[in-house]
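In: got a predicted structure here, sequence first:
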Amino acid sequence: MLLSRFFLPVLKESPKEAEIASHILMLRAGMVQQSSSGIYSWLPFGKIVLEKITNICRNEMLKAGANEILMPTLQSADIWKESGRYEDYGREMLRIKDRNERDLLYGPTNEELVTEIFRTHIKSYKELPLNLFHIQWKFRDEVRPRFGVMRGREFLMKDAYSFDFNYESSIKSYNIMFIAYMQLFKKMGLKAIPMKADTGPIGGDLSHEFIIIAATGESEVYLEKELLKFEGFSAEVDYTKDLQKEVQKYTSFYAATDEKHDPKTYKNKRN
């Protein structure tokens, strides 16, 4: 690609609406352009970067044995009403009516739709375990969208959904995804720290979120300093093995958002 033919609208000055370094640099480098509050157009340079990140996620999911599908951005409200989450999700969900007055929504997540696909086609436990993932745009009407694409209303999301025949199998599937996430973060050059998290409206009793230490974070986190030195595992992982011990190596360090910490812990911001 010749630079003379490449659309790269760089900016000389820092935009007034940008507060943090990443947002400023993305705008000045011509990667994105704000369309409306929390919604951005991805320009050629930004689209190239986005595709590279997408490919890292896709390749690791495929290595972990997940199957890629593509679900629509618009979903029927019926399956959300069946699950009981249509009203519970709140104002972050964008609700729509089509010309026939049928209730639709712009998907903020895909548990209901992927479950509909699963129950339509899977008829025997012998077809399990099964992990379906896709990379698709989501919309959540954030109260305060800010920090550029870091907290936008429309965003590209990789989400995976596993189905298992018993609890023990579900733990194995969880461990595979846990390690897969740590691997893809590592391949992006990011120091991700796993932290126990609230399962929220999805439910369940096992959940982690992956945090990146950054000066622009808005929450405080307490963790063992040694966790910052942990380099993770080799470039490739055998996902056919039991990964429980590998997960325990990550989670053996104390990491929490509450105040129960000792002098050894490290306090910092997170994103």
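Out: In hand now; what should we look at? Since we're looking at a predicted model, the values are computed, not measured.
In: residues contacting Glu209?
Out: With contacts defined as Cβ atoms under 8 Å, 6 or more residues apart in numbering, Glu209 is in contact with Pro194, Met195, Ala197. For every residue, glycine as well, the C-beta is placed using N, CA and C.
In: can I get the residues you listed in JSON lines with neighbour count, secondary structure and pLDDT?
Out: What follows is these, written out as JSON lines (neighbours: other Cβ atoms under 10 Å; DSSP: H, G, I helix; E, B strand; the rest coil; pLDDT from 0 to 100):
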{"residue": "Pro194", "neighbour count": "20", "secondary structure": "strand", "pLDDT": "86"}
{"residue": "Met195", "neighbour count": "21", "secondary structure": "strand", "pLDDT": "84"}
{"residue": "Ala197", "neighbour count": "13", "secondary structure": "coil", "pLDDT": "80"}
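In: which SSE is Met61 in?
Out: Assigned by DSSP states H and E, Met61 falls within helix 44-63.
In: could I get stretch 146-164 in CSV with only the CA atoms?
Out: C-alpha atoms of stretch 146-164 as CSV (Å, rounded to 0.1, in the frame of the first residue of the first chain):
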residue,chain,number,x,y,z
ARG,A,146,-15.5,7.8,28.0
PHE,A,147,-11.8,7.1,27.4
GLY,A,148,-12.4,6.6,23.7
VAL,A,149,-12.9,3.0,22.7
MET,A,150,-12.0,1.8,26.2
ARG,A,151,-15.5,2.4,27.4
GLY,A,152,-17.7,2.9,24.4
ARG,A,153,-21.3,2.1,23.7
GLU,A,154,-20.7,0.1,20.5
PHE,A,155,-17.7,-2.3,20.6
LEU,A,156,-16.3,-5.4,19.0
MET,A,157,-16.4,-8.3,21.4
LYS,A,158,-15.1,-11.9,21.3
ASP,A,159,-17.4,-14.1,23.4
ALA,A,160,-17.4,-17.8,23.9
TYR,A,161,-20.0,-20.2,25.3
SER,A,162,-19.3,-23.7,26.5
PHE,A,163,-21.8,-26.5,27.1
ASP,A,164,-21.0,-29.5,29.2
